[in-house]
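> how would this look folded up:
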Amino acid sequence: MVKTSVLKAISSEEMSGVSSVPPKPNILIVDDRKENLLATEKVLRHLDANIFQASSGNQALSLILRHAFAVVLLDVQMPEMDGFETALLMQEHESMRGVPIIFVTAISKEEKYATQAAEIGAVDYIFKPINPEILKSKVKVYLDLHMQREQILKLNAGLWQSNEELEHTAHRLRISEEKYRVLMEQANDAILMLDLGGVVLETNRKGETLLGRPRKEIISQPLASFLMPDQIASLRQLLTGDSAKPVDLRLSGKNNQILTAEVSVARVPMGEQQVLLFIARDITARQQLEQQLHQAQKMEAIGNLTGGMAHDFNNLLGIIIGNLDLLSDRLKNDEEKEPFLCAALDATLRGADLTRRLLAFARQQPLQPQSVDPNKLTEGITKLLSRMLGEDVEISLNLAAEVWPVVVDPAQLEAAITNLATNARDAMLHGGRLTINTGNRRLDENYAAQYPEVTPGDYAVVEVSDNGAGMPPEVISHIFEPFFTTKERDKGTGLGLAMVFGFMKQSNGHISVYSEVGAGTTFRLYLPRATGENARDIQSTIAEPLAGGQETVLVVEDNGAMRGIVVQQLKELGYRVLESDNAASAMEVLEANHGINLLFSDIVMPGKMNGIELARQAFTRWPSLKIVLTSGFPETKLNGQGDVTTGLRLLSKPYRKADLARILREVLEGKIAGA
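As a prediction, the model looks like this:
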């Protein structure tokens with residue numbers, strides 16, 4: 001009877017202890033830098049735990065003698081005693097056996113450090129700067145596991161007392177499991193619990209989302225069955241603990257979609273056994289954006305390079321064309337020499353066309369935009385394409401009704417469609433079908449998020465498709481780069497698609513390509529819909545070359561050869577010509593000669609003042625002075641130079657004598673504003 005009373009008293013006391021609120025777990029942060037301690041505590045202070053700080057290994061060892069800790073965050077690089085040595089000494093203490101240690105470091109990410117951490121027994125290895133959400137999520141998992149372990153130990157101590165205590169313990173375990181389930185479900189990352197063989201024991205909802213399968217199809221399956229075959233070795237290395245740092249793995253998601261996840265694995269005790277926590281975050285979208293950004297930066301760098309090259313070539317070609325024009329005037333009746341001159345001039349003009357293509361890729365070509373009906377333009381170019389492509393290529397034209405008007409340079413759009421059609425013909429070695437479609441499409445924010453250069457809005461679409469050989473992904477990633485070609489030597493310059501790419505970007509449009517080997521290729525040109533004033537038809541006329549005049553022209557050009565050619569051409573046109581080799585001396589000439597009618601100046605010149613600044617000062621001093629600028633760079637380079645450039649006429653190098661004569665007459669006679 002006495003024995004029964006004693007047992008009841010003990011049972012009552014144990015029951016009271018079980019129902020009481022368990023003490024908060026302790027977290028130990030070890031770092032020799034005070035700011036790091038404060039920053040880490042700030043991230044973890046919202047957790048239901050006591051946080052202790054230690055600024056050295058010795059101080060940490062002193063704290064573990066007085067307190068029991070659920071998890072330790074340990075800096076690797078510390079004076080006197082580094083993190084690895086501190087961890088080894090900690091594990092010699094009875095209270096620290098089985099306590100998870102997470103190394104936090106800013107040192108090199110070399111494999112040897114992660115391997116050393118794994119050999120010591122660390123459960124994780126995190127690099128600075130720390131992602132607060134990932135750190136907090138991981139620490140919460142270890143705190144919860146610690147609380148469960150502590151609760152289980154307390155319950156096991158009272159199991160011998162009575163069956164009633166056993167039932168109560170089972171109830172507590174069910175509550176703990178529910179808490180664990182809530183924790184798992186609230187995590188932002190996919191968390192899968194694995195046995196040491198890599199078989200899935202449990203998963204949260206994020207895990208179901210990541211793998212694109214319900215829980216019942218994931219549990220009891222080897223994790224390797226959800227990975228791409230070439231990732232199995234990396235997973236095996238991760239599960240065996242040979243690497244403690246996070247790695248990227250390619251998984252098979254919903255509908256066998258391939259995605260990339262950043263994963264880490266922690267080995268944690270679960271009772272007398274150990275399990276593996278597989279924590280994964282989908283980074284597929286982030287990787288795609290990074291790749292697109294890298295590609296855009298690469299194309300921008302190539303564009304800047306080619307634009308600069310084209311500028312230098314234009315200056316050289318300007319000198320050659322100018323001299324050939326002067327010779328042409330002198331050899332008009334020389335039947336023996338004139339053919340050689342024409343051949344040289346023809347080759348030089350082809351060189352000028354090459355630089356135009358380079359400038360098109362660099363988005364720096366001069367454009368003459370006007371309102372264009374995509375249907376009319378596409379229909380009009382079809383006859384030309386049928387003759388150009390030959391009888392082996394069948395052209396199918398499908399024009400949608402009421403396609404939106406666009407504001408583009410029609411000649412450049414025709415050139416872009418022609419380039420795409422030519423490439424399509426070359427891809428159909430034995431003939432085939434070329435299909436050209438038009439239509440309207442709204443590109444929304446979701447589409448624009450995939451392509452940073454796209455602005456959401458309405459677009460008219462011109463689609464060019466073929467049923468030719470198609471292209472593999474490794475070719476598609478390079479097709480818009482200048483001089484890249486898969487054609488045989490001397491079969492192509494590699495500038496056609498580069499020019500189309502540059503034209504679309506310069507027109508605020510977008511180009512996409514889809515291709516499959518053996519199934520053909522489809523290019524889509526997206527052109528912004530014209531609205532308001534831009535939608536009005538604009539008639540473009542090209543005036544015949546005009547005669548010369550007797551006005552006074554000041555020529556400002558730092559290149560002596562080019563300046564000499566221009567001066568000679570203007571004199572032959574009847575003008576009185578003054579010349580200067582820099583902007584500063586040009587201002588002096590203007591001050592001394594008030595009868596100057598027109599300033600013809602290069603833009604890029606040495607010294608503190610370039611051609612644009614010269615035009616600005618000259619326009620301020622003499623508002624009636626007519627101004628024409630010239631440069632190897634095109635008109636787009638004038639953007640952002642101020643109101644003085646509004647209405648200025650730019651003559652892009654290289655130019656013919658007839659172009660020079662025509663533009664000077666137009667400006668002097670007021671047909672086009674010169675200032």
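> for the rest of this, base every contact and every neighbour count on C-alpha atoms.
Noted.
> was I right to think Ile29 contacts Gly57?
No: contact criterion Cα atoms under 8 Å: Ile29 and Gly57 do not qualify, at 10.7 Å.
> which of those two has more neighbours?
Comparing Ile29 with Gly57 by other Cα atoms under 10 Å, the one with more neighbours is Gly57, at 26 against 23.
> for the more buried one, give me its contacts.
Residues near Gly57 by Cα atoms under 8 Å, 6 or more residues apart in numbering: Val30, Met78, Glu80, Met81, Asp82, Gly83, Thr86.
> which of those sit farthest apart?
In terms of Cα to Cα, the contacts of Gly57 reach their longest pairwise distance at Val30 and Glu80, which sit 13.4 Å apart.
> on that earlier part again, give me the buried subset of the contacts of Gly57.
Buried members of these, counted by 16 or more other Cα atoms under 10 Å: Val30, Met78, Asp82, Gly83, Thr86.
> can you report phi and psi for the first one?
Note on Val30: its backbone torsions stand at phi -120, psi 120 [degrees, to the nearest 10].
> what sits opposite it in the beta ladder?
Ala54, Leu74 (DSSP bridges).
> contacts for stretch 599-615 next, please.
With Cα under 8 Å, 6+ apart as the contact definition, stretch 599-615 has outside contacts at 553-558, 582-584, 587, 625-631, 641, 644-645.
> mind telling me what element the residue nearest to Glu481 when sequence neighbours are not counted is part of?
Spatial nearest neighbour of Glu481, chain neighbours left out: Ala498 (5.7 Å); criterion: Cα to Cα, 6 or more residues apart in numbering. For Ala498, the host element (DSSP states H and E) is helix 496-506.
> other SSEs contacting whichever helix or strand comes after that helix?
Next along the chain after helix 496-506, taking DSSP H and E as the criterion, comes strand 510-516. Using 3 or more Cα pairs under 8 Å, 6 or more residues apart in numbering; DSSP states H and E as the contact criterion, the elements in contact with strand 510-516 are helix 496-506, strand 520-528.
> partner strands of the shortest one, parallel or antiparallel?
Strand pairing for strand 520-528, using DSSP bridges, gives strand 457-466 (antiparallel), strand 510-516 (antiparallel).
> which one of those strands has the lowest average pLDDT?
When the strands paired with strand 520-528 are ranked by mean pLDDT, strand 510-516 comes last with a mean of 91.
> report the angle between that strand and helix 496-506.
Angle between the axes of strand 510-516 and helix 496-506 is 140 degrees (criterion: axes from the mean of the first three to the mean of the last three Cα atoms, to 10 degrees).
> convert the C-alpha atoms of strand 510-516 to PDB, please.
Taking C-alpha atoms only, strand 510-516 is exported to PDB below (Å, rounded to 0.1, in the frame of the first residue of the first chain):
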ATOM      1  CA  HIS A 510      12.500  42.500 -79.800                       C
ATOM      2  CA  ILE A 511      13.600  39.500 -81.800                       C
ATOM      3  CA  SER A 512      13.100  35.900 -80.700                       C
ATOM      4  CA  VAL A 513      14.200  32.600 -82.300                       C
ATOM      5  CA  TYR A 514      13.000  29.000 -82.000                       C
ATOM      6  CA  SER A 515      14.700  26.200 -83.800                       C
ATOM      7  CA  GLU A 516      14.800  22.400 -83.700                       C
END
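> next one: it to chain centre, how far?
Centroid separation for strand 510-516 versus its chain: 17 Å, with Cα atoms, centre = their mean, to the nearest Å.
> give me the buried positions along it.
Across strand 510-516, burial judged by 16+ other Cα under 10 Å covers His510, Ile511, Ser515.
> in the stretch 151-300 of the chain, what residue spans correspond to strands?
190-194, 200-203, 247-252, 258-270, 273-282 (DSSP state E, counting those that start in this stretch).
> show me the domain layout of the chain.
Using automatic domain parsing, the domain parsing of the chain gives 2-132+141-173, 189-282, 288-361, 370-535, 552-668.
> rank those domains by pLDDT, which is bottom?
Checking each of the domains of the chain, the one with the poorest mean pLDDT is domain 288-361, at a mean of 66.
> tell me which of the strands of the stretch 151-300 of the chain sits most buried.
Highest mean neighbour count of those: strand 190-194, a mean of 24 (counted as mean count of other Cα atoms under 10 Å).
> what angle do that strand and strand 258-270 make?
Using the same axes, to 10 degrees: strand 190-194 against strand 258-270 is 50 degrees.
> packing partners of strand 190-194?
When contacts are defined as 3+ Cα pairs under 8 Å, 6+ apart, strand 190-194 packs onto strand 200-203, helix 205-211, strand 273-282.
> coming back round to it: among the contacts of stretch 599-615, the buried ones, what's the PyMOL command?
Of these, the buried ones go into a single PyMOL selection, burial set by 16+ other Cα under 10 Å:
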select buried, resi 553+554+555+556+557+558+582+583+587+625+626+627+628+629+630+631+644+645
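> rewinding a little: what would the helices and strands packed on strand 190-194 look like in a markdown table with distance to Val43?
Conversion of those to a markdown table gives the following (distance: least, Cα to Cα, whole Å):
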| stretch | distance to Val43 |
| --- | --- |
| strand 200-203 | 26 |
| helix 205-211 | 23 |
| strand 273-282 | 19 |
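> for the stretch 551-675 of the chain, which segments count as helices?
560-572, 583-592, 611-621, 657-668 (DSSP state H, counting those that start in this stretch).
> and the ones you listed: which comes nearest Thr418?
Closest to Thr418 of these is helix 657-668 (Cα to Cα; 26.6 Å).
> just the CA trace of the closest one, in PDB.
The C-alpha trace of helix 657-668 is given here as PDB (Å, rounded to 0.1, in the frame of the first residue of the first chain):
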ATOM      1  CA  LYS A 657      30.500  64.500-103.200                       C
ATOM      2  CA  ALA A 658      26.800  64.600-104.400                       C
ATOM      3  CA  ASP A 659      25.600  64.000-100.900                       C
ATOM      4  CA  LEU A 660      27.700  66.900 -99.600                       C
ATOM      5  CA  ALA A 661      26.500  69.200-102.300                       C
ATOM      6  CA  ARG A 662      22.800  68.300-101.800                       C
ATOM      7  CA  ILE A 663      22.800  68.600 -98.000                       C
ATOM      8  CA  LEU A 664      24.600  72.000 -98.000                       C
ATOM      9  CA  ARG A 665      22.100  73.400-100.500                       C
ATOM     10  CA  GLU A 666      19.100  72.100 -98.400                       C
ATOM     11  CA  VAL A 667      20.500  73.700 -95.300                       C
ATOM     12  CA  LEU A 668      21.500  77.000 -96.900                       C
END
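> buried sites along that helix?
By neighbour count with 16+ other Cα under 10 Å, helix 657-668 contains the buried residues Lys657, Leu660, Ala661, Arg662, Ile663, Leu664, Arg665, Glu666, Val667, Leu668.
> ok, now stretch 52-69?
Those would be Phe52, Gln53, Ala54, Ser55, Ser56, Gly57, Ala60, Leu61, Leu63, Ile64, Phe69, for stretch 52-69 by 16+ other Cα under 10 Å.
> hmm, back to that, could you dump the helices of the stretch 551-675 of the chain into a markdown table and include distance to Leu276?
Below are the helices of the stretch 551-675 of the chain laid out as a markdown table (distance: least, Cα to Cα, whole Å):
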| stretch | distance to Leu276 |
| --- | --- |
| helix 560-572 | 75 |
| helix 583-592 | 74 |
| helix 611-621 | 68 |
| helix 657-668 | 77 |
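> and those helices: which comes nearest Thr435?
Proximity to Thr435 (Cα to Cα) singles out helix 657-668 among those, at 38.7 Å.
> the closest one packs against which elements?
Here helix 657-668 touches strand 626-631, strand 649-652, going by 3+ Cα pairs under 8 Å, 6+ apart.
> these into TSV, with extra columns for distance to Gln116?
Shown next, in TSV, are the helices and strands packed on helix 657-668 (distance: least, Cα to Cα, whole Å):
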stretch	distance to Gln116
strand 626-631	62
strand 649-652	64
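> and the ones you listed: which comes nearest Asn423?
Closest approach to Asn423 among those is made by strand 649-652 (29.3 Å; Cα to Cα).
> what strands line up against that closest one, and which way round?
Sheet pairing of strand 649-652 (DSSP bridges) gives strand 626-631 (parallel).
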